[in-house]
Structures are given as C-alpha cells and as structure tokens.
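K.L.:
sequence unknown, structure follows:
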C-alpha cells in the first residue's frame, strides 16, 4: 500500500481554495488526518494516506485553484492496490463526517468529470473539468478589458491624432482643442471610475468562483476576500485598481486646474502600460512562462502579452475616440474645416493602425503558440474555438478600416471649393464604417474576456512532456488544467459495463442507461407514441408534452442507504446526472427514476435493480409502489396512531396481494416500535403504532408480494407539529390555468 498520493499541476496551487479526497467504492475516506502538503509555487501536492490500505480501487478527487490566474479546475483519477487480505493490524477507516449508517452515503460528493480520449488504445485513468464562466464573469471581464482600452486609447489619440487633425484649422483651433480635451477627460474619468467598480466586482466574482458559493456567503466570511487578495490574481487586482485610481486622481487634478496638457496624457499612457503589466501577472502568459520545461516562446509570453494589450488598447481606444468624441465635436465646424480635420485625423490614425494591426497579430500569434496547441485542441476546445472567432472578427474589422483608408481619406483630400454633397456622402460613409468598427471591436473584446476565463488549448501530449517523473513514494503523478495524466494501471477486470433497461409507464417508454466503471454515467431517455419527450421550453405551450425535471434516487440495498441527484437535460430527450461513483460498492443496488411532466397530474416512476461486482454489472426492471397514507388523529400526535395505507403501482393499479409490515423509528432518540403486520382489506392496509414522543419519526413499510421484489418505503412524520409526507419529492404538480 502506498503512503501518499503526489500530484504535480501545471500551475501553482492556492492552498486556501483547493481540496483533495481519496475514497473507495463505498465512499469512505482514506486520506490521513494531516493536511495536504502544498508547494504553492511549484504546483506540487502530496496527500498522505491512512496506513495499510486494503486491496482495491481508490479514487482521488481533487479541486485546485491556480495561484496565478485564479482558475478553478477539478477532476479525479483512480489507482489500485493489489494483493490479498489487508495486512495485519490494518485499520478499518471510519465513514466521513456527514455519512449515513454503514459508511455508505453522500459524504464524499461525486465531482463532475469529463471523459478523456483513450491514449494508445488504453482507457484514460484521469479526468478533469474546467469550471466554465457564466454571463456575469464574462460581462465584468469585458468591462475590465474595454475600459482600460478606452482610457489608454483616448490618451494616445490625444497625443498622436488630435494635433495632426487640427493642423490645418486656424480660427477654430483653440476652441475645438479645448472642447476635445474636456470630452476626452470626461470619458477617461467616467471609464476609470466604472473600471474601479468593475475590479471590485471581479474580486467578488473570483471569490464566488473559487469557493463555489454565492455573494452573500462570500461577504459573510471575512477571510475569503483577503485570501483571494493574497494570490497572484489578487495582487494583480490590487495593482490594477491602484493604477485606475491614480489615473482618475491625475485627471481630476488636471480638470480642476485647467491644465490638461500633453504631460498629463503622457502620464496616463505610462500608467496604462503599468496597468497592463499588472494584468499580465495573473494571465495565461505568466502561467506558461513558469511551467516546468518552458521554452523561449513561453519565456517571452509575458512581454508579448503586455505588447498585445497595449497595442490593442491604442487601436480600440482610438476607434471609440473617433466615434464618441471627434465626430460629435466637429459637427458645428464649417465644411472646409470639417473636411480638413477628418482628412488629417484619418491619415494619422491610419498610420497608427498600420503599425498596430501587425503588432497585434504577431503578439497574439506568439501567445497562442506559447500554449502548445494542436489542430485538435484548437478545433475541439472552447478556448480554441473562441480564438478562431476572435481572429474572424478581426479579419472582418479590417474591411471598414480599409474603406476609411482607401476611400474616405483620399476622397476628402480631393475636395476643393464647393463640397456640400460630396462632403456629406464621405462623412456619412465614414460614420457608418467607424461605428461598425466600434461594434466589431466590442464583440472582439467579449472573445478576449472569454479567453481570460478559459483554460488554454494546450495539447495534452505537450503538457505531459513537462510532468516530472514519479517519485518512489508517490502513487501517481497527475497533470491538470488542461487534463492529461499518467497513472497506475487500472485493474485487469473489464474497463466498463454499459447496460440499458426500460419500462413502459403510463404509455411512456422510460429507458435508463448505466455505464459502470470506476465512475458511472447514468442517463434517462423518454419516448412515447409521438417520439422523444424533451425538456420544456422556458414558456411551454399549454398542450406541450415535455419534461420539467428528472430525478434519480440511488439506494444501496444491502444497508438501505440512498442519495438523490437531479438529471439535467442534455438534449434530444436525454437527461444525465454528472459523472460520479454512484454504484461505488459491490452488492445490490436500486435506482428509482421520477419524471415530472408539464401539465400532468402524476409523475412517471420506474425502479431498476442492479448487482455490482467490480466493473461488472447486471440489472433488470423492478417494481415501484406508490404509498398514500392517512392517520388518525390527523395530523398525527404522540401516543397511539392508526394508519391506513393505499398501495398502487406506477401505472396507478391497486396492489391487493402484498404482505406489509411496518415499524416506527425515532432516530434522534433511538426509539423503535414493535414490528407490526398490517391488515389487508382488498388493497387497503391498516395498522396501529404506539409512538410515545413528540418529534420526527420514520415509519418503514416492508412490502412483500409473490413473484416480486421486496420493497421498503419510508413515511416521515413530525408528531405534534405538522403532518406526514412520503418523502419531499415528488410533490403534486401545479397545472397552469388555461
């Protein structure tokens, strides 16, 4: 048996937000009481194990947060201890806190994972999943990308484009320059203020991402935000906020003194460069440069990232300065002055663009190549597809830019004398094209925001080359984010077993597919005479035949412990729970599927029985019994209670041939009533229990029928407080009014 599990991640690991568990098929924990040893900078994690592990398969579940870019990744892999009986003196691990009787229960929550393609025709032993961003994450990252570009671009526009644009305007030059300066300052001030708020929101969202909780929970724990600020990501946020605040203060002073000169704009540009240097400290580029075995491309990635951000800001900010500041400011000018300002401004900004576009393309290409992508990862990963979308947008963006360079600028230069209609056409064309550029760059910044939130499209083979050799003490070396690994071989038993069982319930064919291995994939498909039954739309039609929810309850029949999972819609009439070790212990299992349909008074219910031996799986459809109960007194009170039960199958047919016994249990105080047989009067089952104490009770029914599986149902009672309920799910459907 190994003494520890050692994992090496491609980036440093933040200890405060990372967790590790080692469990067996029964979900018992085998990591030792001492905390994992984490080298936060090298990404090396060592998890000590309990001594004398018994022979069997063990699952390592990990969740890590990168100390650099703050990304959350989770996954699992398996290793096997082979041999006979446990060594002498082996300890029997206790169930984890929160488990149920017998040590089998939801103590170790199965982590969602994704399947990896087989490597050299062998089953991949490691799975990992990157936490995908939500709309608030993308929106805030969009703001923190666009607003600095507007500020820095406005400063460069003021320094390089405005003087050239006003070179041939004589009489109105001073007034126009003052108007432009005021507008540029106000735009930069508002952008800096909103940027500060966006950075604060980014801090809160990062805390929510790494703790996987909501905002109120994060704010209620005072140490969470401080722990986030203690990472490289947090330091980057602090430095960027300081830069934005300094820019804001500098512009306020300039506005108050009426001296917004070139020096102030030059300082804004310098602070902008510092802002992008700070942003690069928590970017993919820095993480790549610190990866084991990094080459020259990875070494220059941080510098390329700073250049990429700054040049892109100059280009984007210039476009927005044209649209939002220059064009409105020159509307009242005489036609000849208006034509001169546009002609000279377009000519100068075109030079800026001719320098910016190649630098943006070159630096972006270097950054992408530094991630060691492949054609497959470019096409098959979210990161790669977003990069392709961004490149396509930038290619389209060159069309209006080329129009301004080739048509509008030369056309304005040729205007002489009367220029009313010609000037109007050129100005209208320029306004449309420059606004189209502004829209396109805004969408391109959305792509850039997504890229900062996604894991790079690194080829797993390239990442595996950076993994260190396994030490003698280590069970396995796992590489994560993106997923790839080397691991101890899996047992020689079959890799997996896939079994599909079906039942027809109330005219609907309900099929449960179980793919069983170290982890399990459970999915449900529904069909009726009209075809597949799919999930409901947000606002279904009154006569829609659709599914509101699907719930799976998995029960280990040998010790009667169970847990439930809601199965989200995966499309095409199929509903699947997240991958996990559901059938995690050899023995007998039952899975009950409950389907809630729109506008239907009753749920579909089906039960299936399984026998598990390692990864071997057999199964068959089973029975489902609905239990309706009334009590006297109602609501039930402590003392003698009379029960009347009505049993029906999942097609609403009465069950009249059952032998039923019941027993009351009060878990909190250990009270157990006698085992009482129920009288059967044509499917109505009656009995009597003495329940002497107020509080929560469970009444267990054992239902035996000739030629059928013996079933156990549980009725929860709250004596002297409310009334009974046969489990909280399902509850009656709510049928919308016509």
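P.N.:
Ah, there it is. From a predicted model like this one, the values you see are computed outputs, not experimental measurements.
K.L.:
distance of residue 693 from residue 56?
P.N.:
Going from residue 693 to residue 56 by Cβ to Cβ, to the nearest Å gives 42 Å. For glycine as for every other residue, the C-beta is placed from the backbone atoms N, C-alpha and C.
K.L.:
residue 174 too?
P.N.:
With the distance defined as Cβ to Cβ, residue 174 ends up 84 Å from residue 56.
K.L.:
which of those two has more residues huddled nearby?
P.N.:
Between residue 174 and residue 56, counted using other Cβ atoms under 10 Å, the more crowded position is residue 56 (17 against 11).
K.L.:
not counting its neighbours along the chain, what's nearest the more buried one?
P.N.:
Spatially, and ignoring its direct neighbours in sequence, residue 56 is nearest to residue 24 (5.7 Å; Cβ to Cβ, 6 or more residues apart in numbering).
K.L.:
what's the first-to-last distance across stretch 279-294?
P.N.:
Length of stretch 279-294, first residue to last, Cα to Cα, to the nearest Å: 21 Å.
K.L.:
other residues contacting that stretch?
P.N.:
Stretch 279-294 is contacted from outside by 8, 10-12, 41, 66, 68-70, 232-233, 235-237, 239-240, 298-299, 301-302, 304-306, 309, 367, 370-371, 451-452, 456, 465-468, using Cβ atoms under 8 Å, 6 or more residues apart in numbering.
K.L.:
any stretches of the stretch 351-500 of the chain with poor pLDDT?
P.N.:
405, 407-427, 459-495 (pLDDT under 70).
K.L.:
ok, residue 571 - contacts?
P.N.:
Taking Cβ under 8 Å, 6+ apart, we find residue 571 in contact with residue 534.
K.L.:
point out where the protein drops to low pLDDT.
P.N.:
Across the chain, the ranges flagged by pLDDT under 70 are 25-27, 41, 83-132, 171, 405, 407-427, 459-495, 559-560, 668-670, 721-738.
K.L.:
what's the single longest helix in it?
P.N.:
Secondary structure of the chain per DSSP state H: the longest helix is helix 173-211.
K.L.:
and that one, which residues are buried?
P.N.:
Across helix 173-211, burial judged by 16 or more other Cβ atoms under 10 Å covers 176-177, 179-181, 183-185, 187-189, 191-192, 194-196, 198-199, 201-211.
K.L.:
list the helices and strands it packs on?
P.N.:
Helix 173-211 sits against helix 135-156, helix 215-220, helix 222-229, helix 232-257, helix 327-329, with contacts defined as 3 or more Cβ pairs under 8 Å, 6 or more residues apart in numbering; DSSP states H and E.
K.L.:
so for residue 698, which of those helices sits nearest?
P.N.:
Set against residue 698 and scored by Cβ to Cβ, those come closest in helix 215-220, at 31.2 Å.
K.L.:
coming back round to it: just the buried ones among the contacts of stretch 279-294, please.
P.N.:
For the contacts of stretch 279-294, a burial check counting by 16+ other Cβ under 10 Å picks out 8, 10-12, 66, 68-70, 232-233, 236-237, 239-240, 298, 301-302, 304-306, 309, 367, 370-371, 451-452, 456, 466-467.
K.L.:
show me the contacts for the residue nearest to residue 56.
P.N.:
So residue 24 contacts 30, 56-59, 584 (Cβ under 8 Å, 6+ apart).
K.L.:
among those residues, name the buried ones.
P.N.:
With neighbours counted by 16+ other Cβ under 10 Å, those contain buried members at 30, 56-59, 584.
K.L.:
how far away is residue 45 from residue 11?
P.N.:
The gap separating residue 45 from residue 11 is 12 Å, by Cβ to Cβ.
K.L.:
to clarify, my last question referred to residue 544.
P.N.:
Note on residue 544: its distance to residue 11, by Cβ to Cβ, is 47 Å.
K.L.:
and for residue 28?
P.N.:
Separation of residue 28 from residue 11 (Cβ to Cβ) stands at 31 Å.
K.L.:
residues contacting residue 185?
P.N.:
For residue 185, the contacting residues are 251, 254-255, 260, by Cβ under 8 Å, 6+ apart.
K.L.:
the same query, at a cut-off of 6 Å, please.
P.N.:
Contacts for residue 185 (Cβ atoms under 6 Å, 6 or more residues apart in numbering) come out as 251, 255, 260.
K.L.:
narrow the buried ones among the contacts of stretch 279-294 to those in strands?
P.N.:
Within those, residues falling in strands by DSSP state E are residue 8.
K.L.:
now flag whichever of the buried ones among the contacts of residue 24 is closest to residue 363.
P.N.:
Residue 363 lies nearest to residue 59 out of the buried ones among the contacts of residue 24, by Cβ to Cβ, at 42.4 Å.
K.L.:
touching, that closest one and residue 78? I think so.
P.N.:
Yes - between residue 59 and residue 78 there is a contact under Cβ atoms under 6 Å: 5.3 Å.
K.L.:
could you confirm residue 278 falls within a helix?
P.N.:
Yes - Residue 278: assigned to a helix according to DSSP: H, G, I helix; E, B strand; the rest coil.
K.L.:
got a list of what it touches?
P.N.:
Here residue 278 is in contact with 236, 239-240 (Cβ under 6 Å, 6+ apart).
K.L.:
and if we set it to 7 Å?
P.N.:
Neighbouring residues of residue 278 by Cβ atoms under 7 Å, 6 or more residues apart in numbering: 236, 239-240, 243.
K.L.:
same deal with residue 568?
P.N.:
Each residue near residue 568 by Cβ under 7 Å, 6+ apart is listed here: residue 575.
K.L.:
torsion angles phi and psi at it?
P.N.:
The phi/psi pair for residue 568 (degrees, to the nearest 10) reads phi -70, psi 160.
K.L.:
mind putting the contacts of residue 24 into a markdown table with secondary structure and distance to residue 520?
P.N.:
Listed next are the contacts of residue 24 as a markdown table, based on DSSP: H, G, I helix; E, B strand; the rest coil; distance: Cβ to Cβ, whole Å:
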| residue | secondary structure | distance to residue 520 |
| --- | --- | --- |
| 30 | coil | 20 |
| 56 | strand | 17 |
| 57 | strand | 13 |
| 58 | strand | 16 |
| 59 | strand | 11 |
| 584 | coil | 8 |
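K.L.:
residue 585: what secondary structure?
P.N.:
Going by three-state DSSP: residue 585 is coil.
K.L.:
tell me the phi and psi of it?
P.N.:
With angles defined as degrees, to the nearest 10, residue 585 sits at phi -140, psi 140.
K.L.:
burial measure for it, as a count.
P.N.:
By other Cβ under 10 Å, 20 other residues sit near residue 585.
K.L.:
tell me how far it lies from residue 56.
P.N.:
For residue 585, the distance to residue 56 - Cβ to Cβ - is 10 Å.
K.L.:
ok, residue 375 next?
P.N.:
As judged by Cβ to Cβ, residue 375 and residue 56 stand 40 Å apart.
K.L.:
re the thing from before, closest one to residue 517 among the helices and strands packed on helix 173-211?
P.N.:
Nearest to residue 517, of all the helices and strands packed on helix 173-211, is helix 135-156, at 32.9 Å by Cβ to Cβ.
K.L.:
return the set of buried residues in the closest one.
P.N.:
By neighbour count on 16+ other Cβ under 10 Å, the buried set for helix 135-156 is 137-156.
K.L.:
pretty sure residue 399 sits in a helix.
P.N.:
Yes - Residue 399: assigned to a helix according to three-state DSSP.
K.L.:
so residue 626 sits in a strand?
P.N.:
Yes - counting by three-state DSSP, residue 626 is part of a strand.
K.L.:
mind listing what it touches?
P.N.:
Applying Cβ under 7 Å, 6+ apart, we find residue 626 in contact with 647-648.
K.L.:
partner residues bridging it?
P.N.:
residue 648 (DSSP bridges).
K.L.:
SS state for residue 167?
P.N.:
coil.
K.L.:
my bad, residue 502
P.N.:
Three-state assignment for residue 502 (three-state DSSP): strand.
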